[in-house]
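[1] I'd like to go over a predicted model; first the sequence, then the structure.
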Amino acid sequence: MKTGVLTLDLLWLQQVLPSDWAIYGIVSNIMLPLGGVFLCVLTGWIWILSLKKNETQVDDKNKDSLHGPIEEVTNNGKIRFPLGKVWLFILRWICPGAIIFVFINSTIK
């Protein structure tokens, strides 16, 4: 008998909440692109700026080194990553622009 009561409660809840497709549309068309843009901005710009701000002294040998994401990818310079500056440019400018373009196209439809 308790399962019948639980079923009625769930049916009422299903009528009140939006459908699964509406939630899926909100998440896939709005939340995922915005999260991607925020991650690109965070990784490409804010992470590097916060490391440079917190840096108290700079050695002569580390003066020209890149901070943040490239150091993370190269394991602090131990692994060779010749396209690091190109990757950082793509992360900062191309990826957010492409994601915003797809976001606008998906919301216009």
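    That came through fine. Remember, it's a predicted structure, so these values are computed and weren't measured experimentally. Numbers count the residues shown, from 1 in each chain.

[2] mind showing which ranges of the chain have poor pLDDT?
    1-18, 20-21, 50-67, 109 (pLDDT under 70).

[3] do that again at 80, thanks
    In the predicted model of the chain, residues 1-26, 48-70, 76, 109 satisfy pLDDT under 80.

[4] Return the alpha-carbon coordinates of the helix or strand harbouring Ile23 using CSV.
    According to DSSP states H and E, Ile23 maps onto helix 20-26. Listed next in CSV are the C-alpha coordinates belonging to helix 20-26 (Å, rounded to 0.1, in the frame of the first residue of the first chain):
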residue,chain,number,x,y,z
ASP,A,20,13.0,16.2,-18.8
TRP,A,21,13.4,17.6,-22.3
ALA,A,22,13.1,21.1,-21.0
ILE,A,23,15.8,20.6,-18.4
TYR,A,24,18.0,18.8,-21.0
GLY,A,25,17.5,21.8,-23.4
ILE,A,26,18.5,24.3,-20.7
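
[5] Name the residues that touch whatever helix or strand comes next after that helix?
    Toward the C-terminal end, the helix or strand that comes next after helix 20-26 (DSSP H and E) is helix 32-41. With CB atoms under 8 Å, 6 or more residues apart in numbering as the test, helix 32-41 has contacts from Leu91, Arg92, Cys95, Pro96, Ile99, Ile100, Val102, Phe103, Ser106. For every residue, glycine as well, the C-beta is placed using N, CA and C.

[6] Give me the buried subset of these.
    Burial by neighbour count, judged by 16 or more other CB atoms under 10 Å, picks out Leu91, Arg92, Cys95, Pro96, Ile99, Phe103 from the contacts of helix 32-41.

[7] okay, these in a markdown table with distance to Leu83 and secondary structure next?
    Formatted as a markdown table, the buried ones among the contacts of helix 32-41 follow (distance: CB to CB, whole Å; DSSP: H, G, I helix; E, B strand; the rest coil):
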| residue | distance to Leu83 | secondary structure |
| --- | --- | --- |
| Leu91 | 12 | helix |
| Arg92 | 14 | helix |
| Cys95 | 15 | helix |
| Pro96 | 19 | helix |
| Ile99 | 21 | helix |
| Phe103 | 27 | helix |
